[in-house]
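Chemist: what's the 3D shape of this:
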Amino acid sequence: MRIRRGTYAQHDHIVDWLNEGTLHPMEQSAFAHWAGMRNLTAIVDRAEAGIVPRFVAVDAIAEHNASCGTSITYEEVAGRYAHNFIFSAEAEWVIYTDVQGLEHLVKGENDDPAEAMDSAPPTCAWMIIWCPAEQEIVVYRSPHVQNRCMYDPNDDDHVHAAGMLRGSFHSYTIPPDVEGSILQEEMAARARYTNLANRA
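Modeler: As a prediction, the model looks like this:
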């Protein structure tokens, strides 16, 4: 059974849910930063596990710094899950995931975020990307699957489904209570509009 990516318009309820702390964010800059030094993360992980001596990893980092003009430290690579020291510009996309997903993004083989999320292991329960510039949120992986409409009939790959519109395509979705909050707000807005229209 093929499960499509649920695509939602950017909504305050979804953004609030993403930022409440249940999932871990990784900004575009952080993803690019770690994707560019996979060799260092691998050798530091081996040093942390005691497989190779620490000086081997320190030497690899020094070599990387010399060739790339950077000043990365062993501690920075070893503590990479606390990546809040990496500058993130306004309106960059952000991937939200669980711990296994965060580890996959840091250690993964893909430089493209869509491919990185698609290739996440089954242990990764959540993969969501928020694109503020497009005002769109796309659910690549979720414990919640519902039937939704095709997002774009011209999409030949049929990989996206409309997050809020019921249909016949299996799609990853946001939690039902978050969808319910959005629907409730939309119904209240329609009711207010109808009341105003009836008074006119």
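
Chemist: what does stretch 180-193 rub up against?
Modeler: Here stretch 180-193 makes contact (Cβ atoms under 8 Å, 6 or more residues apart in numbering) with 11, 13-14, 164. (Each C-beta comes from the backbone N, C-alpha and C, glycine too.)

Chemist: run the last query once more with 7 Å
Modeler: Stretch 180-193 has contacts (Cβ atoms under 7 Å, 6 or more residues apart in numbering) with 11, 13, 164.

Chemist: can you pull the buried residues of stretch 179-187?
Modeler: For stretch 179-187, a neighbour-count test (16 or more other Cβ atoms under 10 Å) marks 179, 181-182 as buried.

Chemist: Adding secondary structure, write those out as CSV.
Modeler: Compiled in CSV, the buried residues of stretch 179-187 are given as follows (DSSP: H, G, I helix; E, B strand; the rest coil):
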residue, secondary structure
179, helix
181, helix
182, helix
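
Chemist: just to revisit the earlier point, just the ones of the contacts of stretch 180-193 in strands?
Modeler: residue 164 (DSSP state E).

Chemist: By neighbour count, which of the contacts of stretch 180-193 wins?
Modeler: residue 11 (20 neighbours; other Cβ atoms under 10 Å).

Chemist: Only the C-alpha atoms, please, for whichever strand or helix holds residue 43, written as CSV.
Modeler: Assigning secondary structure by DSSP states H and E places residue 43 in helix 38-48. In CSV, the C-alpha atoms belonging to helix 38-48 read as follows (Å, rounded to 0.1, in the frame of the first residue of the first chain):
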residue,chain,number,x,y,z
ARG,A,38,29.4,12.9,7.3
ASN,A,39,32.9,11.6,7.4
LEU,A,40,33.5,13.5,10.6
THR,A,41,30.3,12.3,12.3
ALA,A,42,31.2,8.7,11.5
ILE,A,43,34.7,8.9,12.9
VAL,A,44,33.7,10.8,16.0
ASP,A,45,30.9,8.2,16.6
ARG,A,46,33.6,5.5,16.4
ALA,A,47,35.8,7.4,18.8
GLU,A,48,33.0,7.9,21.3
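
Chemist: hang on, the earlier thing: looking at the buried residues of stretch 179-187, spot the one nearest residue 168.
Modeler: Among the buried residues of stretch 179-187, residue 179 lies closest to residue 168 (Cβ to Cβ), at 17.8 Å.
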